[in-house]
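>>> the following block contains a protein sequence and its predicted model.
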Amino acid sequence: MRQASSVGFGRRVNRSPFGAWRLKNSPDAWEKPVPFVNKKDCCAFTGRVGKNNLLHWLRMDYQEGKERFIEVWGRMASGWGIPPAMARVHALLLASSKPLSLEDIVRQLDISVGSASTNLRELLEWKLIHKRPMAGERREYFEAERDLWAIVRQIILHRKKKELEPVIEELNQLKQVNACCPESEAFKRFIEEMSDFSQKVNCALKSLTEGDHMRALRLMILTQSSQ
């Protein structure tokens with residue numbers, strides 16, 4: 001059985017029975033290994049690296065986990081109509097245990113002050129973050145809304161306002177088309193059907209985001225997840 005060689009930060013070591021592993025930039029940033037082959041191998045490896053180091057090796061480092069979450073949230077939120085840069089700022093605030101200032105966000109995400117400021121304004125408009133006053137501080141601090149149902153509600157309302165309602169206005173204007181031939185009559189009927197459908201969807205989304213309906217949806221989902 002090949003043994004793992006000595007390691008230094010950033011160096012890749014020989015392949016052990018537990019897969020290739022290495023140290024990154026700090027003693028706490030161990031790369032997650034493949035599962036142990038058996039209990040004997042696990043005990044032998046624990047003896048070589050030490051119990052404390054083994055725990056670090058098995059666990060993902062907090063900073064690495066936070067960076068991965070920011071990346072994943074940025075990709076996922078783009079499907080909800082949230083720009084990736086705005087989603088990364090939102091993700092950082094979600095992952096932070098304390099409010100962050102503009103300077104904190106610029107430093108941690110390595111973005112410009114202008115970009116951070118613009119995205120913070122957008123997030124405030126979406127009501128996905130809030131300003132948090134800090135005693136003895138002149139700088140503004142921000143924290144994320146942590147109620148997941150409130151986040152879902154705000155995303156639905158914002159997308160309805162920005163995407164669905166403008167379409168409804170356009171369809172209402174298109175309904176004024178003069179039907180003077182079979183083709184124009186068919187077109188007008190289609191526009192009226194689409195307008196009627198869009199209005200119903202708009203009403204359904206508005207009703208869904210109101211208190212009683214949102215609570216009912218939450219209860220239904222929680223009930224399904226517990227089964």
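That came in fine, so what should we check first? If you're wondering where the values come from, they're calculated on a predicted model, not measured in any experiment. Residues are numbered from 1 along each chain as shown.

>>> which strands or helices does the longest helix along the chain pack on?
The single longest helix within the chain, with elements called by DSSP state H, is helix 182-208. Packed against helix 182-208 by the contact rule (3 or more Cβ pairs under 8 Å, 6 or more residues apart in numbering; DSSP states H and E) you find helix 148-159, helix 165-174, helix 211-225. Every residue, glycine included, has its C-beta placed from N, CA and C.

>>> for the first one, name the packing helices and strands.
Taking 3+ Cβ pairs under 8 Å, 6+ apart as the contact definition, the neighbouring helices and strands of helix 148-159 are helix 182-208, helix 211-225.

>>> lowest average pLDDT across those?
Sorting the helices and strands packed on helix 148-159 by mean pLDDT places helix 211-225 lowest, at a mean of 65.

>>> and the gap between the nearest residue to K162 once chain neighbours are set aside and L128?
With Cβ to Cβ, 6 or more residues apart in numbering as the criterion, K162 has its nearest non-adjacent residue at 7.1 Å, and that residue is G81. Here G81 is placed at a distance of 12 Å from L128 (Cβ to Cβ, to the nearest Å).

>>> against which helices or strands is the helix or strand containing K66 packed?
Assigned by DSSP states H and E, K66 belongs to helix 62-77. Here helix 62-77 touches helix 84-95, going by 3+ Cβ pairs under 8 Å, 6+ apart.

>>> and the angle for the helix it packs on with helix 148-159?
160 degrees (axes from the mean of the first three to the mean of the last three Cα atoms, to 10 degrees).

>>> buried ones in helix 84-95?
By 16 or more other Cβ atoms under 10 Å, the buried positions in helix 84-95 come out as 85-95.

>>> how long is stretch 125-138 end to end?
End-to-end distance of stretch 125-138: 22 Å, with Cα to Cα, to the nearest Å as the criterion.

>>> kindly report the same for stretch 92-105.
End-to-end distance (Cα to Cα), stretch 92-105: 8 Å.

>>> in the protein, what helix or strand scores lowest on average pLDDT?
helix 39-49 (a mean of 50; mean pLDDT, DSSP states H and E).

>>> between the buried residues of helix 84-95, which is closest to Q63?
Nearest to Q63 among those, counting by Cβ to Cβ, is A95 at 10.2 Å.

>>> I'd say the closest one and K66 touch.
Yes - if you go by Cβ atoms under 8 Å, A95 and K66 touch, sitting 4.7 Å apart.

>>> ok, the closest residue to K127 other than its chain neighbours - contacts?
In space, and not counting its chain neighbours, K127 is closest to Q154: 4.9 Å by Cβ to Cβ, 6+ apart. Applying Cβ atoms under 8 Å, 6 or more residues apart in numbering, we find Q154 in contact with 126-128, 145.

>>> L128 now?
Contacts of L128 (Cβ under 8 Å, 6+ apart): 90, 144-145, 151, 154-155.
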